[in-house]
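Q: Build me a structure from this.
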Amino acid sequence: MTIAFSTHRLGKDYGDRPALEPLDLEVPQGQHVALVGHNGSGKTTLLRMAAGLLDPSVGEARIVGHVSGSREARRALSWLSDTPTFYDDLSLWEHLEFVSRVHGVEAWEARAESLLATLHLTTRRDDIPTTFSRGLRQKAAIAIALIRPFQLLLVDEPFVGLDQPGKEALLQLLDDAAAGGATLVVATHELAFVGRVQRLLALRDGALVYDGSPADVDVHALVLPA
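A: Next comes the predicted model:
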């Protein structure tokens, strides 16, 4: 069994407060995982360390066997942040082209057109994403994250700011990625997504308090602070 994402005693402290207590975790390749918890529970900290964007205080994370932040780990994963950033001088289409070429995607135009159509962004392809509204910025970030190949998709609160058609489009795109064999780890409060996953992880005050099927627990209770 291939392990797409693992942690070994991975933890993060900010001064005297643990943002994430040392965590041991294994996510097999192809698993569809939702990560829930109240604001400040450690979800973003965990995902940012997994993506190699934040140094742990202790332990390590690995992506398909490679230490997070390494070239091999970055090649295997795609990261979708809850606060996407863009180049100031590139259109949405130019962002898609740039990311595609960096990752060696051939015939990327057809995939880009499909993503823009699904996300209702076709008419905005030549516009600058930094000028977009919150919801349009999120849709643009989704398209950019999904244009490149990946074995693991790490996502932080992707539904925030999306209208209902945008949420439905994202759910379909995530289902498509999972059907293609990708591993998904998605931090979210969106219960429509939680009900579609195989595995639910819940954090509370930096500690893992649940790891199992979403059908076997009251999800609403898990997202409330202690």
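
Q: how close does residue 175 sit to residue 46?
A: 23 Å (CB to CB, to the nearest Å). Placement of C-beta: from N, CA and C, glycine included.

Q: Of these two, give the one with the bigger neighbour count.
A: residue 46 (31 against 14; other CB atoms under 10 Å).

Q: for whichever strand or helix holds the more buried one, packing partners?
A: Using DSSP states H and E, residue 46 sits within helix 43-50. Where contact means 3 or more CB pairs under 8 Å, 6 or more residues apart in numbering; DSSP states H and E, helix 43-50 is packed against strand 3-14, strand 17-28, strand 32-36, strand 58-63, strand 152-156, strand 183-187.

Q: if you set the cut-off to 7 Å instead, what comes out?
A: If you count contacts as 3 or more CB pairs under 7 Å, 6 or more residues apart in numbering; DSSP states H and E, helix 43-50 packs onto strand 3-14, strand 17-28, strand 152-156, strand 183-187.

Q: now the second one and strand 58-63, what's the angle there?
A: In this structure, strand 17-28 runs at an angle of 30 degrees to strand 58-63, with axes from the mean of the first three to the mean of the last three CA atoms, to 10 degrees as the basis.

Q: Could you tell me the angle between strand 17-28 and strand 152-156?
A: 150 degrees.

Q: before we move on, what about the first one?
A: Compare the direction of strand 3-14 with that of strand 152-156 by the same axes, to 10 degrees and you get 30 degrees.

Q: what's next to strand 3-14, contact-wise?
A: Residues from elsewhere that reach strand 3-14 (CB atoms under 7 Å, 6 or more residues apart in numbering): 18-29, 45, 49-50, 56-64, 151-152, 183, 185.

Q: can you check the third one too?
A: The set of residues external to strand 152-156 that reach it, using CB under 7 Å, 6+ apart, is 4-5, 44, 47, 50-51, 63, 76-82, 177, 182-187.

Q: Tell me the first helix or strand C-terminal of it.
A: helix 164-179.

Q: Okay, buried residues for that next one please.
A: 166, 169-171, 173-174, 177-178 (16 or more other CB atoms under 10 Å).

Q: Now do residue 109 against residue 97, distance only.
A: Taken as CB to CB, the span from residue 109 to residue 97 is 8 Å.

Q: and what of residue 127?
A: Using CB to CB, we find residue 127 at a distance of 15 Å from residue 97.

Q: ok, now residue 116?
A: 12 Å.

Q: More neighbours: which of these two?
A: Neighbour totals were compared for residue 116 and residue 97, and residue 116 leads with 21 against 17 (other CB under 10 Å).

Q: in the sheet, who's paired with residue 27?
A: residue 5 (DSSP bridges).

Q: unless I'm mixing things up, it is touching residue 186, no?
A: No - using CB atoms under 7 Å as the test, residue 27 is too far from residue 186 to be in contact (11.6 Å).
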